[in-house]
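1. got a sequence here, can you model it:
(chains A and B)
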Amino acid sequence: EVQLVESGGGLVQPGGSLRLSCAASGFTFSDHFMDWVRQGPERGLEWIARIRNKAASYSIEYAPSVKGRFSISRDDSKNTLFLQMNSLKIEDTAVYFCTRDRSGAADSWGQGTLVTVSS
Amino acid sequence: VVMTQSPLSLPVTLGQPASISCRSSQSLERSDGNTYLSWFQQRPGQSPRRLIYRLSNRESGVPDRFSGSGSGSDFTLKISRVEAEDVGVYYCMQSSYWQSGGNFGQGTKLEIK
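-> Next up, the predicted model:
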């Protein structure tokens, strides 16, 4: 069974930093592209970052809203996806989901981890 | 690419059909012949779940009352007979072009009348 378990969320002040992790199991993690998607309070889904697999040179994409502040990475030896979030803003408050790509889009989602940016 | 869904709210009587429209600001058909348009369902308090991928392929375990169709920049999710468990928010998402974000539609909230 595919499992994605996010951790690392919490309360942080504006301008602060946070590092999210996503532990993957039940599939060959290194084969897949992985994404982070977030959902603000009472809001829709927003894709924010993608990292491809080794065969695709671990290439990365970011949404404009986080580019330059967030950094996605992966450790295939530990089946773990990361999201380093710097210069956090109040509008970054959201539940952050780790997702696995299959056939071109996210087919598996974690339960999400809540990030609250507030003073 | 901007994805626009309609309606944003969809009250439906149990057993009746439902239809959600999704339009993209440019054609999603790629040179490989695929159209990378997916549909997701998010039930209250749950993580999203993929229903349809690559325009019309139903995810394993998804009831056959759900179907996806369309072409180019105009897409539709249809539910042939709405059941109580279908309540939630439905999102379309394009993955033909990974650029500039904006990959999800705004969401359509389906509720039972």
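
2. can you tell me how far A:Gln13 is from A:Leu88?
-> Separation of A:Gln13 from A:Leu88 (Cβ to Cβ, to the nearest Å): 8 Å. C-betas here are computed from N, CA, C, even on glycine.

3. what pairs with the residue minimising distance to the centre of chain B across the strands?
-> The centre of chain B sits closest to B:Trp39, judged by Cα atoms, centre = their mean, with a distance of 3.3 Å. Beta-bridge pairing of B:Trp39 under DSSP bridges involves B:Ile52, B:Cys92.

4. for A:Asp101, same thing?
-> A:Ala106.

5. check A:Val37 too.
-> Applying DSSP bridges to A:Val37 gives these bridge partners: A:Trp47, A:Phe97.

6. okay, now residue 63: neighbour count?
-> Just so you know, I chose chain A. When neighbours are defined as other Cβ atoms under 10 Å in any protein chain shown, A:Ala63 has 21 of them.

7. could you do chain B instead?
-> 13.

8. still on that earlier bit, A:Gln13 and A:Leu88: which is more packed in?
-> Neighbours of A:Gln13 and A:Leu88, each counted by other Cβ under 10 Å, are more numerous for A:Leu88; the result is 21 against 11.

9. might one say that A:Ser71 is in contact with A:Ser87?
-> No. The pair A:Ser71 / A:Ser87 is not scored as a contact, 11.3 Å apart, by Cβ atoms under 8 Å.

10. okay, and the common contacts of the two?
-> The contact sets of A:Ser71 and A:Ser87 do not overlap (Cβ atoms under 8 Å, 6 or more residues apart in numbering or on different chains).

11. more neighbours, those two?
-> A:Ser71 (17 against 13).

12. okay, the residue in chain B sticking out farthest from the centre: pLDDT?
-> The C-alpha centroid of chain B is most remote from B:Ser31, which lies 22.5 Å away (Cα atoms, centre = their mean). B:Ser31 is assigned a predicted lDDT (pLDDT) of 91.

13. surely it forms part of a helix?
-> No. Per DSSP: H, G, I helix; E, B strand; the rest coil, B:Ser31 lies outside any helix segment and is coil.

14. quick one on the thing from earlier: common neighbours of A:Gln13 and A:Leu88, please.
-> A:Val117.

15. still on that earlier bit, touching, the residue nearest to the centre of chain B and B:Val89? I think so.
-> No. The pair B:Trp39 / B:Val89 is not scored as a contact, 11.4 Å apart, by Cβ under 8 Å.

16. please report phi then psi for the residue of chain A found nearest chain B.
-> Residue of chain A nearest chain B, by Cβ to the nearest Cβ: A:Ala63 (3.2 Å). Main-chain dihedrals, A:Ala63, degrees, to the nearest 10: phi -70, psi 150.

17. what's the per-residue pLDDT of it here?
-> A:Ala63 is given a pLDDT of 92.

18. now swap in the one 10 residues further on and tell me
-> Predicted confidence (pLDDT) at A:Ser73: the value is 98.

19. count of residues packed around it?
-> A count of neighbours around A:Ser73, defined by other Cβ under 10 Å, yields 14.

20. cool, the one 10 residues further on as well?
-> Residue crowding around A:Leu83 was assessed by other Cβ under 10 Å; the count is 25.

21. what are the ranges of the strands in chain B?
-> Using DSSP state E, the strands of chain B run over B:3-6, B:9-12, B:18-24, B:37-42, B:49-53, B:57-58, B:66-71, B:74-79, B:88-94, B:108-112.

22. thanks again, I'm all set now.
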